[in-house]
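Visitor: Coordinates for the following, if possible.
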Amino acid sequence: MAKNYFNRYVWLIDTINRHGHITREEISRLWERSHLNDTGEELYERTFHNHREAILDTFGIEIKCDRSLGYYIANGEDLEGDGIRQRLLETLSLNNLLNESSDMRGLILFEKIPSSRKWLPVFVNALRDGKAVEITYQSFWRDEPNTFTIHPYCLKLFKQRWYVLARSEGYDSPWIYALDERMQNVVPLKEALKKPTKFNAADFFSNYFGVILEDRKASRIRIKVVAGQAKYIDSLPLHDSQALVERTPEYSIFEYHLVPTYDFRHEILSHGADMEVLEPEDLRNEIKKDIAQMYKNYGL
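Guide: Modelled structure (predicted):
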C-alpha cells in the first residue's frame, strides 16, 4: 500500500509539473487513464488534498491552486536552485514516461552508479538522523581493509560514483570515501554525529572540481578552448566560477577560480588539443609534464 501511494505522489507531481497549471477536472481525467489506476477508481477530492499534504511533507514540494489557471507547483523557483529536488523531479518525470510507454525501456540507456543502492540509503539515513557510522573500507592503495568510525558531513555524486565526505575519529579534517567496491560494509551507530554546526556542503566544495581534496589555495585559471568545443563548455560549465573572458571566431578564453586538483587536471587532459591552459604557469607546467609522459608512453 505504501509503495502504491508513493507512486501516486510521483504521478501527481509529474502531471502538474509537466502541465505548469492544470485544473482539478483535468487531473481527474488524466488519472482515469493512468496506468497506476488499474481499478478505474476516481481520484476523490479528499484523497487529492491528502496527497498534496503528503507530497509537501515527503518531498518539500508545495502544490497550490490559482482559481483562474488551476493547480501548480508553488515553489518551482526554489526547486530550480535545489539540485537534489530538481534531479528528483527529472527522475520522477522520466520514470513516469517509462511506465506509460513500457516499450521504450530498451531504447533509453542509463549510466551505472556502482553500489549506490546498497550504501547510499544508509548514509542518507545517518545524515538525516544525525548519527555516526562504522565502515569497513579498503582503499585501492591498501592491501587490507580497515574498520573504523566516521562522522558523515555530506554526500556528493561525481562521474558516476557517490562519495561521502566524513571525518574519521582521531583526525581533525574530513576526507572523501567512495560508495563503491571500496566500501565493504557499513553499520549505523547510535553515537551522535559530530560535525561543525555551520558546515555548508556547497561552500566546502565551491573551490574544488570533483572530489579530490588537496591542500592548495584556489587560484585564477584561464583556459583557451577551440571554437567548436567552446559551445559544449558554454552549455555545461566545468565549474560554477566559469566566466567568459574573450571570444573570437577561432577560440574562447574561460576563467575559473578553483584549486587545480588531480581531478581538474585530468578533465583538461580529457579534452586533448581542444583545450590549453594559459595561466597560472605552474598549472600549465604540470599539464606539460603529463603530456610529455603520455608522449613517452606511446614511444613518440
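Visitor: would you list every one of the helices in the stretch 51-200 of the chain?
Guide: All helices of the stretch 51-200 of the chain, identified by DSSP state H, counting those that start in this stretch, fall at 76-80, 83-100, 116-129.
Visitor: which ones are touching Lys289?
Guide: Under the criterion of C-beta atoms under 8 Å, 6 or more residues apart in numbering, Lys289 has no neighbours. No exception for glycine: its C-beta is placed from N, CA and C like everyone else's.
Visitor: pretty sure it is in a helix, no?
Guide: Yes: secondary structure assignment (DSSP: H, G, I helix; E, B strand; the rest coil) places Lys289 inside a helix.
Visitor: distance of it from Arg265?
Guide: 10 Å (C-beta to C-beta, to the nearest Å).
Visitor: my guess is Arg216 meets Pro260, correct?
Guide: Yes: using C-beta atoms under 8 Å, Arg216 and Pro260 qualify as a contacting pair, with a distance of 7.2 Å.
Visitor: Count the neighbours of Glu279 for me.
Guide: The burial metric for Glu279, expressed as a neighbour count using other C-beta atoms under 10 Å, is 13.
Visitor: So what pairs up with it in the strands?
Guide: Glu279 has the following beta-bridge partners by DSSP bridges: Arg222.
Visitor: could we number from 47 for the rest of this?
Guide: Fine by me, first position is 47 from now on; the one you just mentioned is Glu325.
Visitor: which parts of stretch 287-307 are buried?
Guide: Of the residues in stretch 287-307, those buried under the neighbour-count criterion (16 or more other C-beta atoms under 10 Å) are 287-288, 297-302, 304-307.
Visitor: Kindly report the same for stretch 79-92.
Guide: Judged by neighbour count using 16+ other C-beta under 10 Å, the buried positions of stretch 79-92 are 80, 89.
Visitor: Using PDB, write out the CA atom coordinates for it.
Guide: The C-alpha atoms that make up stretch 79-92 are tabulated as PDB, following Å, rounded to 0.1, in the frame of the first residue of the first chain:
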ATOM      1  CA  ARG A  79      -6.400   6.900 -18.000                       C
ATOM      2  CA  SER A  80      -3.200   6.400 -15.900                       C
ATOM      3  CA  HIS A  81      -1.500   3.000 -15.800                       C
ATOM      4  CA  LEU A  82      -1.500   3.300 -12.000                       C
ATOM      5  CA  ASN A  83      -5.300   3.400 -11.900                       C
ATOM      6  CA  ASP A  84      -5.800  -0.300 -12.700                       C
ATOM      7  CA  THR A  85      -9.100  -0.400 -10.800                       C
ATOM      8  CA  GLY A  86     -10.600   2.600 -12.600                       C
ATOM      9  CA  GLU A  87     -11.200   4.400  -9.200                       C
ATOM     10  CA  GLU A  88     -12.000   8.100  -9.100                       C
ATOM     11  CA  LEU A  89      -9.400  10.500  -7.500                       C
ATOM     12  CA  TYR A  90     -11.700  11.800  -4.800                       C
ATOM     13  CA  GLU A  91     -11.400  15.400  -3.600                       C
ATOM     14  CA  ARG A  92     -10.400  14.400  -0.100                       C
END
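Visitor: Let's have the buried residues of stretch 287-307 in a markdown table, adding pLDDT, secondary structure and distance to Gly216.
Guide: Formatted as a markdown table, the entries for the buried residues of stretch 287-307 read as follows, by pLDDT from 0 to 100; DSSP: H, G, I helix; E, B strand; the rest coil; distance: C-beta to C-beta, whole Å:
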| residue | pLDDT | secondary structure | distance to Gly216 |
| --- | --- | --- | --- |
| Ser287 | 96 | coil | 34 |
| Gln288 | 97 | coil | 38 |
| Tyr297 | 96 | strand | 49 |
| Ser298 | 97 | strand | 47 |
| Ile299 | 97 | strand | 45 |
| Phe300 | 98 | strand | 41 |
| Glu301 | 98 | strand | 40 |
| Tyr302 | 97 | strand | 35 |
| Leu304 | 96 | strand | 30 |
| Val305 | 95 | coil | 25 |
| Pro306 | 94 | coil | 30 |
| Thr307 | 94 | coil | 25 |
